[in-house]
Every structure is written in C-alpha cells, then in structure tokens.
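Chemist: after the sequence you'll find the predicted model.
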Amino acid sequence: MRVGDLSPREFERLLAGGGAGLRIGPFDGLFRVQVPGIAGPLQTLYADHPLLDRGRVFSFHLMLREAPRLLPWRARKVRFTVDGRQPHDDMPFEHALAVLEWGVNLIVALRFHRYLMLHAAVLARGDRALLMPAAPGHGKTTLCAALAVRGWRLFSDEFGLVLPETGRIVPMPRPMPLKNASIEVLGAFAPEAVFGPTIPGTIKGTVRHLKPPADSVAAQGQGARPAWVVFPRWEAGAPLDLAEIPKAEAFMLMAANAFNYEMLGEPAFDALREIVGQARCFRLRYSRLEEAIAALGRLADEAEAAAGDER
C-alpha cells in the first residue's frame, strides 16, 4: 500500500495516532505529526511512497507537534523530536512542513554513516548515475528538479549516498525544496508538476516542495554506478559551459562537499577514488535550464551509444 492509497482522513488519523511508517530509499521511518494542516500536504508529496506497518524495527521515529505555550499571547511554534530527543529549538508554527523535511535531512546526515554522504544532487539514466556536488546557492536543486521532471530518475537533491564497499549510489527520493526565485522558474518550466504549499519567511527564504516522480519512488530500491560527476553553477546571463576537469581536482572538490569524509577516513578516500576513476568529471556553468538539460542529455546519449557499439 502507498501513502496515497489512504483517504485524507485515514492518513491524518494515522499520523496523529500511532504514526505512519514510510519507506524512503534504504530507510524506514515512523512519522508522527500532530500539527493541524500538515497531513494533507505531506500526503500529497509522499503519495507514491510505500506505507509500512508498525510491526518492524524502524530506522528512526520522528514526531512533529505544537510546542506548549506558557503564555497564550506567545507565538505558536512546533517541536521536532527524533527518538524522543529534540535536536534543535522550537521553530515557527507556519514553517512546520519545512521543519519536518529539514529534520529528515538532519537525521540522515548525523546517523547513517555506513554510507559516504556527498552533498550532491543525484539522478540516473538506466544504471548510470549523475552526481552534482555543489555548495548552497549554486542551482543544484533547481537543475536536479528540472532533470527529474524531464525523465531522469531522481535519487536525491541533497544526498549522494555511496556504499563504500561497492561504490554504488543508493537512491533516497523525497520532495525537493525549491527556494525563492527557483519556485517560479520551475513552475513555469513544468506547469504539470505537483507542488506543496508555499512557505514564506523561513531561515532559507521562501520554500516550496516539489513532489518526486512516481517512477523514481517505485525504483528507489535500485542503485546505480557513478558515470558522471558534474559541479554545477548557475550564473545569470552566463553562456553554457560544460568543461571536463582533471580527476584529481574532482576528487578534492567531492571530498570538500561530503558530510562525513573525515569521519569515515580510508573507506571514504577509497570510495571517492573509485568514483572519479570510473566517472567523467565536469564543471557546468549555465543560466538556462533547457541548455543545461540538453548538454547533460548528450553525455548520457553518448554513453549509451558507446555501450551499444561495445555490444
């Protein structure tokens, strides 16, 4: 059963009661949400994710609820906890959905160190994965979302989860948080896409989540091997520039964009060495989504044609 198979009332009751079990890539999470108005958007954004029974061991148990107010005129806030612990201060009530999504990111980044975690958007064509490591503000999520709605399989807009022992990339498709001007850009680019509510005034500005494609969620158990590493950067008015870079430079840039490279040590070094050894590495500067998508599509088409010639 999927999340979207429940009626809105059933899903809301489940969230507010014992919790809804969701499978997100390799993780099974139990979500309890006792904040009015969140169940609907959450069901829309996770409609295609598997709904799990509670008779299992979960990777994490999270709760989002309204924080108690000692004085009735104080601003309403929400409290996020994971496995009974509160990792940060209470946040504004109107940002509840964003707080929940940031909380899942925090859980993954702090807990699951069996993976080398790259700060990267990841998508795939077939068994070939495209990794796009980038610092915040470089257009990573915007380009990732655009590629996802154009047929690339979404792994994540935030985490490149690498299994060090195999070097394969593990999917974790979730709603993609578009920010500020990117919201309007993607809305015009893909008017058929499904969005959650607009959330203004967060610590990251205005946020609106884009639902992951159903095909990507259905295939979330299928990993891929790294084929391309692309470091994107959006610049207003810039001409398209996709330039191959030395593998040593790519290695250093990827290590700098990893959440737990120092923690894992030698396995992380070996995993990155394997990735840059088998992948082509590029810098991408762009201002127009269509041009960037076409350039990355040509890379994938070339690889598929070369594989066909070898057969």
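Modeler: Nice, I can see it. Residues are numbered from 1 along each chain as shown.

Chemist: what score does residue 307 have for pLDDT?
Modeler: Looking at residue 307, its pLDDT is 77.

Chemist: what lies in contact with stretch 21-29?
Modeler: By CB atoms under 8 Å, 6 or more residues apart in numbering, the residues outside stretch 21-29 that reach it are 3, 30-31, 46, 49-54, 56-62, 104, 107-108, 112, 156, 161, 170-174, 220. Any C-beta I mention is one placed from the backbone N, CA and C, and that applies to glycine too.

Chemist: what about dumping the CA coordinates of that stretch to CSV?
Modeler: Output in CSV follows, covering the C-alpha atoms of stretch 21-29 (Å, rounded to 0.1, in the frame of the first residue of the first chain):
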residue,chain,number,x,y,z
GLY,A,21,5.6,4.2,8.5
LEU,A,22,7.2,5.4,5.3
ARG,A,23,10.0,3.8,3.3
ILE,A,24,12.3,6.4,1.9
GLY,A,25,15.1,4.7,-0.1
PRO,A,26,17.0,2.5,2.3
PHE,A,27,15.4,4.0,5.4
ASP,A,28,12.1,3.0,7.2
GLY,A,29,10.8,6.0,9.2
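
Chemist: and that stretch, how far out from the chain middle?
Modeler: Distance, stretch centre to chain centre, for stretch 21-29: 13 Å (CA atoms, centre = their mean, to the nearest Å).

Chemist: got phi/psi on residue 145?
Modeler: phi -60, psi -40 (degrees, to the nearest 10).

Chemist: check contacts around it.
Modeler: Counting by CB under 8 Å, 6+ apart, residue 145 has contacts 157, 176, 178, 182, 186, 190, 193, 210.

Chemist: now with 10 Å?
Modeler: Neighbour list for residue 145: 121, 123, 154, 157, 176-178, 182, 185-186, 189-190, 193, 210, 212, 289 [criterion: CB atoms under 10 Å, 6 or more residues apart in numbering].

Chemist: which of the residues you listed fall in helices?
Modeler: Of the contacts of residue 145, the ones assigned to helices by DSSP state H are 182, 185, 186, 189, 289.
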